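In: Show me how the following folds:
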Amino acid sequence: MVKTYSKKRDGSLLLSHHFRVREFWTAGDEIRIDEELIDRLEALYEELDCSKIIITSGYRPGEAGSQHALG
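Out: Numbering: from 1, shown residues only. Here you go, the predicted model:
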């Protein structure tokens, strides 16, 4: 399920043990995040036993029809 967050209001909200809403911000105030993505990233984080995962591409408002626009 895709959820919509506000960078201003929810930016520091912890989505899982290792990820916060603000890490998925690209532009504007709205941030859309698929809960399944968080679950998969958390599983990857634990599998790799790494210190961090850097998100370089996420939801982009205004790109209708692309996977980015779906969150």
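
In: For the top helix by length along the chain, what is the distance to the chain centroid?
Out: In the chain, taking DSSP state H as the definition, the longest helix is helix 35-48. What separates the centre of helix 35-48 from the centre of its chain is 11 Å, taken as CA atoms, centre = their mean, to the nearest Å.

In: Out of the helices and strands in the chain, which is least certain?
Out: When each helix and strand of the chain is scored by mean pLDDT, DSSP states H and E, strand 30-34 comes last, with a mean of 90.

In: okay, the spatially most central residue of the chain: pLDDT?
Out: Against the mean C-alpha coordinate of the chain, by CA atoms, centre = their mean, the closest residue is Phe24 at 3.7 Å. Phe24 carries a pLDDT score of 88 in this model.

In: cool, and Arg60?
Out: According to the prediction, Arg60 has pLDDT 64.

In: next one: Val2
Out: 90.

In: ok, now Ser66?
Out: Per-residue confidence (pLDDT) for Ser66: 64.

In: all strands of the chain, in order?
Out: In the chain, the strands defined using DSSP state E lie at 2-6, 30-34.

In: contacting residues for the most far-flung residue of the chain relative to its centre?
Out: The outermost residue of the chain relative to its centre, with distances by CA atoms, centre = their mean, is Asp49 at 19.6 Å. Listed by CB atoms under 8 Å, 6 or more residues apart in numbering, the contact set of Asp49 is empty. All C-beta spots, glycine's among them, are computed from the backbone N, C-alpha and C.

In: Could you measure from it over to Ile33?
Out: Separation of Asp49 from Ile33 (CB to CB, to the nearest Å) stands at 24 Å.

In: Also Ile53?
Out: Applying CB to CB, the value for Ile53 to Ile33 is 14 Å.

In: What of Leu41?
Out: Remark: distance between Leu41 and Ile33 (CB to CB) = 10 Å.
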